[in-house]
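Colleague: mind folding the following:
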Amino acid sequence: MNDLAVDRHAAYFRYCLNVLPSPYVAVDATRLAMVFFSIAGLDLLGCLPNVDPEIELGKTLSARSKVSEKTAQAWIEWIYSTCMIPGGAMFRASPSIGAESNSNQFRYDVGHIAGTYFALSTLLILRDDLSRIDRKAMLSWLRACQREDGSFASGVFNWKTDKQEQFGERDLRFGYCAAAIRWMIGGDRLVTQEAVEDINVESAITYVVQECWTYDGGLGMGGMSEGHGGFTYCGVGLVKLLDGDLERCFGREKLQQLIRWSVAHQVAEPGEDGASIAGFNGRINKDPDTCYAFWVGGTLDMLGKEWLEKTSLGRWTAYLVETTQNQDIGGFGKTADSMPDVMHSYLGLAALALRAASYADCLKQLDGSLCIAADGREHAEKLRRSWDEQRSR
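Modeller: Take a look at the predicted model:
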């Protein structure tokens, strides 16, 4: 598609991997998230060496946008060497919060559930085999992060002791990360093959369906809150990854309400030529925002691609390409008058990648439930099968 500035987007993500503007100092404790958004963005554009040579994707990119095997391997080593907690059971969210083993602060150098999700997702994108990870220990750690009500903490102090102390708020995003981590490491297979204790899948799903259901037919941080596009995506994603049968878990009535709630969050505003363009917002009476094109679009993708097709597809892609895409330096901003940032830049591309047929010449197809390219999920599926084969020998 000639309306997508692919080389500028690639340059923007490459720049973000080398140096970030000073405002990002405030989020340095989540540096792995910035790394994920940048590398995943390059992957969707076909810049990484994992592109199938038989397809046309990436052939419109200039040579300077391509990433070498050496660089991709260096990124893998950076994740393991700076962010993996010794033992291989979890990852910290940033190398800036690491501590020496003889330091008084060492007890605070613990794994973070979101950091672990971003690390695993990025490693899969880069086609790592995850052989340096202790999958059994990681599943055990996830179980320690789960609260009695089914929700998940962001991490645990004093893990593997009788003085475990969960930290972090009850945040549906942590539940989604836990479900994605469990799937990526083949936790469902470990439980049946290795007699490893699983997380409480039933209580995790019940927490979403009962405790996070909101009065308006969406999902939020609790029953008394309003539905939110990001939390709705995380809740639906959690159920999809842990069970797969959304109708059985939510029930037909709630599933229809979720579909209606999601479609209703497409909002229109005038375009440059006077025609109406329509992005998505995350809450009632809010302006459209680039990231919600993915959060809401990804939710509809999981609920059934036919529901995504029932939105005004051309109008919300026009909102992204014509309104929030920065044609000068690359990337996407939050809104039309915003400078691009790395999160909105990736989620803008991810939303467009949900429309695989329309952007097949310049974007990979996206897997809506994992928020990575579909071939990254295929790589994870291969690893899961290989772990099964190793076990059967």
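Colleague: residue ranges in the stretch 101-250 of the chain under the pLDDT threshold?
Modeller: Along the stretch 101-250 of the chain, the model assigns pLDDT under 70 to residues 101-107.
Colleague: what about residue 216, distance to residue 22?
Modeller: The spacing between residue 216 and residue 22, counted by CB to CB, to the nearest Å, is 39 Å. C-beta: built from backbone N, CA, C; applies to glycine.
Colleague: which of those two has more residues huddled nearby?
Modeller: Using other CB atoms under 10 Å as the criterion, residue 216 and residue 22 rank with residue 216 on top: 15 against 6.
Colleague: quick one, what contacts that one?
Modeller: By CB atoms under 8 Å, 6 or more residues apart in numbering, the residues touching residue 216 are 226-227, 261, 284.
Colleague: just the buried ones among the residues you listed, please.
Modeller: Among the contacts of residue 216, those classed as buried by 16 or more other CB atoms under 10 Å are 227, 261.
Colleague: what about the contacts of residue 216, which are in helices?
Modeller: Secondary structure defined by DSSP state H assigns residue 261 of those to helices.
Colleague: between the contacts of residue 216, which sits nearest residue 132?
Modeller: Residue 132 has its nearest neighbour among these in residue 227, at 39.7 Å by CB to CB.
Colleague: wait, the closest one touches residue 219, no?
Modeller: Yes. With contacts counted by CB atoms under 8 Å, residue 227 reaches residue 219, the gap being 6.1 Å.
Colleague: wait, is residue 359 part of a strand?
Modeller: No. Read with DSSP: H, G, I helix; E, B strand; the rest coil, residue 359 is coil and lies in no strand.
Colleague: any chance you could map the helices in the stretch 1-150 of the chain?
Modeller: 6-18, 31-44, 69-83, 113-125, 135-145 (DSSP state H, counting those that start in this stretch).
Colleague: let me have these in CSV, extended by distance to residue 245 and mean neighbour count.
Modeller: What follows is the helices of the stretch 1-150 of the chain, written out as CSV (distance: least, CB to CB, whole Å; neighbours: other CB atoms under 10 Å):
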stretch, distance to residue 245, mean neighbour count
helix 6-18, 36, 20
helix 31-44, 28, 24
helix 69-83, 33, 15
helix 113-125, 23, 26
helix 135-145, 22, 21
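Colleague: and the helices in the stretch 151-300 of the chain?
Modeller: 172-184, 187-194, 201-206, 229-242, 246-250, 252-263, 290-303.
Colleague: closest one to residue 279 among those helices?
Modeller: helix 290-303 (5.9 Å).
Colleague: got the angle between the closest one and helix 252-263?
Modeller: With axes from the mean of the first three to the mean of the last three CA atoms, to 10 degrees applied, the angle from helix 290-303 to helix 252-263 works out at 150 degrees.
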